[in-house]
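okay, predicted coordinates and the sequence, questions at the end:
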Amino acid sequence: MSRILYVEDDAHLRRDVIALLARAGFEATGASNGREGLDLCLRAPPDLVITDLIMPEMDGIELIRGLREKLPAIPVIAVSGGLSSGPGSARPILNAAKALGAAAVLSKPFRADDLCRAIRRVLKRDIGAPCASPTPDPLPA
């Protein structure tokens with residue numbers, strides 16, 4: 001079973017995504033910011049980190065830098081809604097994450113199936129259980 005760490009400062013979204021990942025057959029845990037996420041990775045490295053980019057204490061960009069330095073084999077999927085609303089507002093920070101080595105990037109709000117496709121692509125394995133939210137609506141930003 002693949003272990004995934006989801007780093008997100010929004011407690012409700014973190015809970016929803018962790019539940020989604022658990023239903024899909026992953027061992028999923030969460031962290032509320034990059035510092036907590038990096039500490040968890042150093043104690044017990046996961047198979048994949050999914051991180052928001054804009055968070056307090058330590059943002060996702062800093063987390064990716066820390067992972068590339070200390071645990072370069074752990075793949076990262078970066079997600080962000082950007083600093084402002086509107087189409088493409090997250091693109092610059094997602095591009096920065098990609099340049100630092102994120103294996104995939106997603107704009108918020110994202111659909112559960114988009115997240116699962118990214119996980120399949122990054123981990124290069126199929127997901128046994130369905131990976132979809134109960135409704136086709138995007139997960140909240």
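Great, that's in hand. Numbers count the residues shown, from 1 in each chain.

please count neighbours and contacts with C-alpha atoms only from this point.
Fine.

hmm, who's touching the least confident helix or strand in the chain by mean pLDDT?
Each helix and strand of the chain was given a mean pLDDT (mean pLDDT, DSSP states H and E); the minimum falls on helix 91-99 at a mean of 90. Helix 91-99 has contacts (Cα atoms under 8 Å, 6 or more residues apart in numbering) with 53, 61, 64, 78-80, 82, 104-107.

in that helix, what counts as buried?
Neighbour-count burial for helix 91-99, counted by 16 or more other Cα atoms under 10 Å, picks out 91, 93-94, 97-98.

if I pick L5, what's in contact with it?
Counted by Cα under 8 Å, 6+ apart, L5 has contacts 28-31, 37, 46, 48-50.

can you give me the strands in the protein?
Assigned by DSSP state E, the strands in the chain fall at 3-7, 27-31, 48-52, 76-80, 104-107.

want to throw the ones you listed into a markdown table with distance to L20?
Shown next, in a markdown table, are the strands of the chain (distance: least, Cα to Cα, whole Å):
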| stretch | distance to L20 |
| --- | --- |
| strand 3-7 | 11 |
| strand 27-31 | 9 |
| strand 48-52 | 13 |
| strand 76-80 | 16 |
| strand 104-107 | 16 |
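
I'd assumed G34 was in contact with L63.
Yes - between L63 and G34 there is a contact under Cα atoms under 8 Å: 5.1 Å.

distance of the residue sitting nearest the centre point of the chain relative to A104?
Geometric centre of the chain, nearest residue: I50, 1.9 Å, by Cα atoms, centre = their mean. Taking Cα to Cα, to the nearest Å as the measure, I50 falls 9 Å from A104.
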